[in-house]
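>>> the following block contains a protein sequence and its predicted model.
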Amino acid sequence: MNAVTRDDALGTTDLPWDGIARGYAPPDVLSINSRLRLQTAEEPEVDPITYEVIRNSLQNINLENGHTIQKLSISPITMINRDFQCAILTEMGDVMFMGPYLMYLANTLGIMTKWILENRSESPGIDDGDVFLNTDPYVGSSHQQDTGLTSPVFWEGELFCWVANSVHYSDVGGPAPGSFCLSSTDIWEDPPLFPPMKLVERGRVRADMEQLYLRQSRVPSTVGMDLHAALAGLTVSRQRIIKLLERYGAQTVKAVMRKTLDASERAFVDKLHMIPDGRWAERIYTEAAVPGDRGIYVSRVNIVKEGDRLYVDNEGTSPQIGAINNTYAAFVGAVLAPLTLMLAYDLGGVCGGVSRRVEFRPVPGTITCADYPAPVSSAGVCNMPMVVATATGAVAKMLACADPPLRDKAIGIADVHAYGGWIFNGIDQRGRFFMAMHSGMAPGAVPASTSRDGIDTGGIYWVPGMEASNVEDNETSWPVLTLYRRQNRADAAGAGRYRSGVAAEEAWMLHGTDELDTQVYNNESFAKCQGLLGGNPGGRAFFRWKRNTDISARIAAGDIPQDFDEVEGEEVPLSWKGRPIRLERDSVWTLNLPNFAGYGDPLDRDPELVGRDVAQGVTTVGEALEVYGVTVGQEGLVDEKATAAGRAAIRKRRLKEGVADPAVMSPPDAWAAASTGVAGSSQAPVNGGRARVIINENLSLVRTAGETGFEAGLGPASRTRYVCACGQDLAPGETDFKKGCLVKESPVDAIGPGYTSFDMEMTEKMCFREFFCPRCGARLATEVARVGDEYLWDIELRL
């Protein structure tokens, strides 16, 4: 395998990838001061029992890092929602183990540690007992609040490995409480950046550095407690590793670390061999770079698979603007999260082998790979869920083309922007200033996969350990009362052959205080979560607020409203990225995390599953008929004859309403940017020999017997064809299969009630596209797109 240098991968540009002018991209060979001695020797052989004992010990040491943070932290976002990550890294800063926490943070810790090796090994030096603190996203974090700590572990004067963690801290400064500065237009309107500095030197906390960091915060006591919880996690990890070295020896433990990484790489490569070579893409839209902005912006992720390597770029993403930006490290972490989730699910947190086989080539100066001085503090609520979602869409389409059983691991998009919570501050019921971050993601939906329904209120899957906070805990900690917390219905949002799980909705009122200031809330003007291979997109996240309500009188009368629309009061229109609002007495507000992506044509859903949902009260009789074409009684009994007739009528209507689009699309620029030779090549792929690739139950790419023409005039002779399960020839394999489909373009809010918007001006800028087989009416693909944008050419395969 030929080595590819950083400059080869990222290209030569006018700005260096140094963590100063642009995000830091580690070179293939780190420049480390020779005075720093590295422990690299290893035992050539380790017996299997010793190997397993040491490997599992290292895994548990990393988990203990996380458990220590949970026990000692005082912030619910850390204790309960698990908005943190822990890692053990090699002496060179390669991530070995990560924990079951916020997945995209793991690789930012590796990038940060490599920067420290290159930039701090000479001055001030890296010594035993040191801990470096970093808040600079251009060096390696997702945003300033996700402060990273990393500490070297020395053995007999040599650097053996690193232990690290990244925790979300409640407030690290900046003009906005909570440090999410939604109005920032440059980095100087953001919280301060602290490139890696020694917080602990040779085992002693530096009071000057600790005070410098805490002085920025509005809640220094809370941040200080959480900071010492993170330091304790590192201390425990370092002590446990030293004991492991004392028992087994450095060379044996190092051998286990390297063999474990090598094994994870082999396991990842084995899965790559189950996937045909090709290119997959996803495109997601966001809105409002700053409050009041009416613009719409694009996040795009393109993945090329060649043999045993992946190449990732963001070609087609909007230029950096306003406060909706993230850095290179954040982009890398966001892409590796779904890759690790879907292709390294069986490796026990050993994620380092994945990154060895993935090459990143992002376009700098974009909202998902911003150059300095773009502001990035809002990335945690504006960008990171969006980039994870965009990458998830591309990875899921790639896995949908894989051989079984890997194909079954493809899962749809979740949580595009729907942070689903709110960030607020004020005077609590005890008369003290407080600041809080409530995460509505915790009871979120798990989307549909290619083989099963999603999980109702199963949580956000890229934070595996996340838990929902108890209502009683919230009411004890904050001056609020919860009127209700309940699951959504399985309506049109996230419908498909397999439906999304349902998420949750909550409503609140003040209690024990006169007002609260809310800095961050989500009220999308249009749904953004793309469906998977014919499935419905996810619904619209909302935050609604009524003031001057009758809530006090109703509570006094013993009437607790269970429907926001039943509350009498003045509803205040809120925008997607609105300015801070003040919730006053007799205010009632509700927030909703929507159902997420569905998979496949809803008309292909097993009618018995629809009947089950009706019987359980998750879906109504009307929704069953309108969304799935299933005639069912209130008890869940399906009328098979009426269902067959109803579905046939819907397919017939699709054929009538769909329009053929003969427009010839050029290959996206992303292909040229990411590929090293697959596009336009007639070479046999490394894992060739496939006669057919099943993309979904209705769509396949097949190898033809020989050179054949294409009767409809949609392309030249081709050795592969996209075909529908009904036998319809759709398009040559070298083109977009959508070119052979009938297309229906509708307003997004026409999909169903879960998509209804308060902002018709923004909604009318978007559309919902459905792509039907021109013979049988099967729905092969869907997309939410800006009106006038080209169809997304999202799948290109090579047999």
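Looks like it arrived, so ask away.
>>> least trustworthy helix or strand in this protein by mean pLDDT?
Each helix and strand of the chain was given a mean pLDDT (mean pLDDT, DSSP states H and E); the minimum falls on helix 669-674 at a mean of 34.
>>> next secondary structure after that helix?
strand 692-696 (DSSP states H and E).
>>> using PDB, write out every CA atom in that next one.
Output of strand 692-696 as PDB, limited to C-alpha atoms (Å, rounded to 0.1, in the frame of the first residue of the first chain):
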ATOM      1  CA  ARG A 692     -25.800  -7.900  -8.500                       C
ATOM      2  CA  VAL A 693     -25.800  -5.400  -5.700                       C
ATOM      3  CA  ILE A 694     -29.100  -5.100  -3.800                       C
ATOM      4  CA  ILE A 695     -29.500  -1.400  -2.800                       C
ATOM      5  CA  ASN A 696     -33.000  -1.900  -1.300                       C
END
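>>> which neighbours does that strand have in its sheet, and in what orientation?
Paired with strand 692-696 in the same sheet, following DSSP bridges, are strand 699-708 (antiparallel).
>>> contacts for the helix or strand that the strand it pairs with is followed by?
Where DSSP H and E defines the elements, the next helix or strand beyond strand 699-708 is strand 718-724. The contact list for strand 718-724 (C-beta atoms under 8 Å, 6 or more residues apart in numbering) reads 698-704, 706-708, 710, 729-734, 737, 740, 773, 775-776, 778, 780, 797, 799. C-beta: built from backbone N, CA, C; applies to glycine.
>>> can you flag the buried ones in the residues you listed?
Using 16 or more other C-beta atoms under 10 Å as the burial test, those include 698-704, 710, 729-734, 737, 740, 773, 778, 780, 797, 799 as buried.
>>> so residue 150 makes contact with residue 113?
Yes: with contact defined as C-beta atoms under 8 Å, residue 150 counts as touching residue 113 (4.9 Å).
>>> overlap in contacts of these two?
Jointly contacting residue 150 and residue 113 under the rule C-beta under 8 Å, 6+ apart are 89, 162, 164.
>>> in a markdown table, list the residues you listed along with secondary structure.
Output for the shared contacts of residue 150 and residue 113, formatted as a markdown table (DSSP: H, G, I helix; E, B strand; the rest coil):
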| residue | secondary structure |
| --- | --- |
| 89 | strand |
| 162 | strand |
| 164 | strand |
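>>> of those residues, closest to residue 135?
residue 164 (14.1 Å; C-beta to C-beta).
>>> neighbours of the closest one, how many?
32 (other C-beta atoms under 10 Å).
>>> likewise for residue 595?
33.
>>> and what of residue 649?
When counting by other C-beta under 10 Å, one arrives at 11 neighbours for residue 649.
>>> for the one 10 residues further on, same thing?
When neighbours are defined as other C-beta under 10 Å, residue 659 has 10 of them.
>>> likewise residue 348?
As a burial measure, residue 348 scores 14 neighbours (other C-beta under 10 Å).
>>> ok, for it, nearest residue in space, not its chain neighbours?
residue 59 (5.7 Å; C-beta to C-beta, 6 or more residues apart in numbering).
>>> check which helix or strand covers residue 743.
Per DSSP H and E: strand 742-746 holds residue 743.
>>> you'd agree residue 453 is up against residue 498?
Yes: counting by C-beta under 8 Å, residue 453 touches residue 498, with 5.0 Å between them.
>>> who's more crowded, the two?
residue 498 (26 against 22).
>>> ok, now which ones touch that one?
Neighbour list for residue 498: 448-454, 535, 598-600, 605 [criterion: C-beta under 8 Å, 6+ apart].
>>> I'd guessed residue 514 sits against residue 586; true?
No: counting by C-beta under 8 Å, residue 514 does not reach residue 586; the two are 10.4 Å apart.
>>> of the two, which one has the most company?
Neighbours were counted for residue 514 and for residue 586 using other C-beta under 10 Å; residue 586 has more, 17 against 11.
>>> distance-wise, check that one relative to residue 564.
Using C-beta to C-beta, to the nearest Å, one gets 14 Å for the distance from residue 586 to residue 564.
>>> just the strands in the stretch 1-150 of the chain please.
All strands of the stretch 1-150 of the chain, identified by DSSP state E, counting those that start in this stretch, fall at 84-90, 95-98, 131-134, 146-155.
>>> who touches the third one?
Applying C-beta under 8 Å, 6+ apart, the set of residues contacting strand 131-134 from outside is 112, 116, 120, 140-141, 147-151, 194-200, 209, 213, 231, 234.
>>> who are the packing partners of the strand holding residue 743?
In terms of contacts (3 or more C-beta pairs under 8 Å, 6 or more residues apart in numbering; DSSP states H and E), strand 742-746 is packed against helix 640-657, strand 659-660, strand 766-772.
>>> could you pick out the longest helix of the protein?
Ordering each helix of the chain by length in residues (DSSP state H) puts helix 220-248 first.
>>> which other helices and strands does that helix contact?
With contacts defined as 3+ C-beta pairs under 8 Å, 6+ apart, the packing partners of helix 220-248 are helix 48-72, strand 84-90, strand 146-155, strand 158-168, helix 207-214, helix 250-272.
>>> rewinding a little: tell me which of the strands of the stretch 1-150 of the chain lies nearest to residue 560.
strand 84-90 (35.1 Å).
>>> helices and strands around the closest one, which ones?
Right, strand 84-90 is packed against helix 48-72, strand 95-98, helix 105-119, strand 158-168, helix 220-248, helix 250-272 by 3+ C-beta pairs under 8 Å, 6+ apart.
>>> how far off strand 158-168 does it point, in degrees?
Interaxial angle, strand 84-90 versus strand 158-168 (axes from the mean of the first three to the mean of the last three C-alpha atoms, to 10 degrees): 170 degrees.
>>> list the buried residues in strand 84-90.
84-90.
>>> can you show me the CA trace of it as PDB?
Taking Å, rounded to 0.1, in the frame of the first residue of the first chain, the C-alpha atoms of strand 84-90 are listed here in PDB:
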ATOM      1  CA  PHE A  84     -18.100  13.700  27.400                       C
ATOM      2  CA  GLN A  85     -15.600  11.100  26.100                       C
ATOM      3  CA  CYS A  86     -12.600   9.200  27.500                       C
ATOM      4  CA  ALA A  87      -9.700   7.700  25.600                       C
ATOM      5  CA  ILE A  88      -6.500   5.800  25.900                       C
ATOM      6  CA  LEU A  89      -4.000   6.700  23.200                       C
ATOM      7  CA  THR A  90      -0.600   5.400  22.100                       C
END
